[in-house]
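Sequence and predicted model, in that order:
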Amino acid sequence: MLTRRGWFGLGGGLCTYGVAWGFGAGVLVPLALALIVAPLAMLVASRRHRDESLQLSVSVTPLRPIEGVGFDVAVGLEGKAPRHGEALLSVGQHRVTVPLERRAKLGASGSFVSPALPRGVFAIRSAELEAGDVFGFTESPRKVTGSFEVVVWPRWAERAERAGGSGGDGDRARRPRPARQFGYDLHGIREHQDGESLRRVDWKSSARTGRLMVRELEDASRVERTIIVDLDAATGVQGEACLDQLLRAAATAVRSAVDDRQQASLILLDAGSRRLTLDGSAPSWFAAMDALAVVRADRALPLASVLARDRRLVSGGALTIITTSAAPELVALLRGEAAHTPVRVVHVTDDPDADWSSLVAVGGLVHVLPVSAPIAFLAELA
């Protein structure tokens, strides 16, 4: 249909022709005819393909964006695309206008920077395509089919030595990070024995227990890890911010295990209870992060009951529990596990009264992670 400019051009042409005919000003006739014919010609041309649909294609960079960070989106339209037009796209809850350029072959393309999105899966689809002509005389909405789903990963913290890197985005499949060749992880804390070096003394534990305690280390390249993410429904009740922080801690632990090329298991204790294997490869990294992007806190039973029912969940090496719970039953259960395997707890909470002292007393490690803490706060977990 004609735009306001098109109607003005057509009306101006008719008025000019009337003036030329009434006053015998023949010199104005060509101008009048041009003003009349141009909008009508553009209108006829715009209707030639108005019933033909265009196919939307989308690609994003990086392949897996990270929550809270904008990303590049390339848009393509396959079919008999107009020479000039704008695509109105829906990206999650956002609306974005993308200017299009016609390609040499059939189709048009454009690009834009997406607004930052939260963790999850979001559809990029066309809401509308406004096509027109170079003079702006006409506009012709076109039908666009197709959509694209983008998976947005939770954020994570890097180790200090990797903090200047790319952040390990979705390009990891093409740029794998090198494995750590050596290093030691904390295996446990025990009493100092005569003749041992004092360099491994854990002074905090020593002050707490009144006895000289030392850190027992184990070759990190051989340690297996089990990372358990507590997705109790009570976590969801505390709000989306609490769940997001819990999953950032989980992503940080997964990142550390994958970078170290250690054999590890990620156990997501939601209503379905899933176990994913981490072997340092890009596919295992993608599978774990994709799962964290879409998981929900919907398990009914408390964590202590789940672990007590299925003892296999806590078998397989060093244990990392990421939870919002500090129930006495859970603390007591983990205290028993700490007697024969390293136990680390990441407690996501704003509650200052959580009591983990009995677990710490037997060598367990507890990190209290405030819900509103910035991402840098998670660096000690990496």
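Structure received. Bear in mind that the values here come from a model prediction, so they are computed numbers and not experimental data. Numbers count the residues shown, from 1 in each chain.

isn't residue 275 right up against residue 265?
Yes: Residue 275 is in contact with residue 265 according to Cβ atoms under 8 Å; the separation is 5.6 Å. Any C-beta I mention is one placed from the backbone N, CA and C, and that applies to glycine too.

Between the two, point out the one with more neighbours.
Shown here are residue 275 and residue 265; by other Cβ atoms under 10 Å, residue 265 has more neighbours (19 against 14).

Please identify which helix or strand holds that one.
strand 264-269 (DSSP states H and E).

now the helix or strand just after that strand, how far from the chain's geometric center?
On the C-terminal side of strand 264-269, the nearest following helix or strand under DSSP H and E is strand 274-278. Centroid separation for strand 274-278 versus its chain: 19 Å, with Cα atoms, centre = their mean, to the nearest Å.

so after the worst-scoring helix or strand of the chain on mean pLDDT, what's the next helix or strand?
Least confident helix or strand of the chain, by mean pLDDT, DSSP states H and E, is strand 184-191 with a mean of 62. Using DSSP H and E, the helix or strand that directly follows strand 184-191 along the chain is helix 203-209.

Can you name every helix or strand that that following helix contacts?
Applying 3 or more Cβ pairs under 8 Å, 6 or more residues apart in numbering; DSSP states H and E, one finds that helix 203-209 makes contact with helix 357-361.

Following the helix it packs on in sequence, what is the next regular element?
As assigned by DSSP H and E, the chain's next helix or strand after helix 357-361 is strand 365-369.

and for that next one, what are the contacting residues?
Here strand 365-369 makes contact (Cβ atoms under 8 Å, 6 or more residues apart in numbering) with 186, 245, 249, 342-349, 354, 356, 359-360, 377-378, 380-381.

again, only using 7 Å
186, 245, 249, 344-349, 356, 359-360, 377-378, 380-381 (Cβ atoms under 7 Å, 6 or more residues apart in numbering).

Quickly run through the sheet partners of that strand, with directions.
strand 343-348 (parallel) (DSSP bridges).

What mean pLDDT does the strand it pairs with get?
Per-residue pLDDT over strand 343-348 has a mean of 94.

which residues in the chain form helices?
Along the chain, counting by DSSP state H, helices occupy 4-23, 29-46, 203-209, 233-237, 240-259, 282-294, 303-309, 328-337, 357-361.

Pick out the shakiest of these, pLDDT-wise.
helix 29-46 (a mean of 74).

Touching, residue 349 and residue 324? I think so.
Yes: contact criterion Cβ atoms under 7 Å: residue 349 and residue 324 qualify, at 5.9 Å.

ok, residue 234 - contacts?
Residue 234 neighbours (Cβ under 7 Å, 6+ apart): residue 324.

if I look at it, how far off is residue 323?
Relative to residue 323, residue 234 is positioned 10 Å away (Cβ to Cβ, to the nearest Å).

that older thread, more neighbours, residue 349 and residue 324?
residue 324 (27 against 19).

Who are the contact partners of the more buried one?
230, 234, 235, 238, 242, 246, 348, 349.

closest to residue 23 among those residues?
residue 242 (79.6 Å; Cβ to Cβ).

mind listing the strands for the stretch 51-200 of the chain?
For the stretch 51-200 of the chain, the strands defined by DSSP state E, counting those that start in this stretch cover 54-61, 71-78, 84-91, 94-102, 108-114, 120-132, 139-142, 144-145, 147-152, 184-191.

Need the CA coordinates for the strand holding residue 265. CSV is fine.
Provided in CSV are the C-alpha atoms of strand 264-269 (Å, rounded to 0.1, in the frame of the first residue of the first chain):
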residue,chain,number,x,y,z
ALA,A,264,34.0,-36.4,36.9
SER,A,265,30.2,-36.7,37.2
LEU,A,266,27.7,-34.0,37.3
ILE,A,267,24.5,-35.1,39.1
LEU,A,268,21.5,-32.8,38.7
LEU,A,269,19.1,-33.8,41.5
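
Quick one: mean pLDDT for it?
The model assigns strand 264-269 a mean pLDDT of 94.

what is the orientation angle of it with helix 240-259?
Counting by axes from the mean of the first three to the mean of the last three Cα atoms, to 10 degrees, strand 264-269 points 160 degrees away from the direction of helix 240-259.

ok, residues contacting strand 264-269?
Identification of contacts with strand 264-269 by Cβ under 7 Å, 6+ apart yields 224-231, 254, 257, 274-278, 288, 291, 295, 299, 303, 306, 313, 316.

at 8 Å instead, please
By Cβ under 8 Å, 6+ apart, strand 264-269 touches 224-232, 250, 254, 257-258, 273-279, 288, 291-292, 295, 299, 303, 306, 313, 316-317.

No further queries at this time; thank you.
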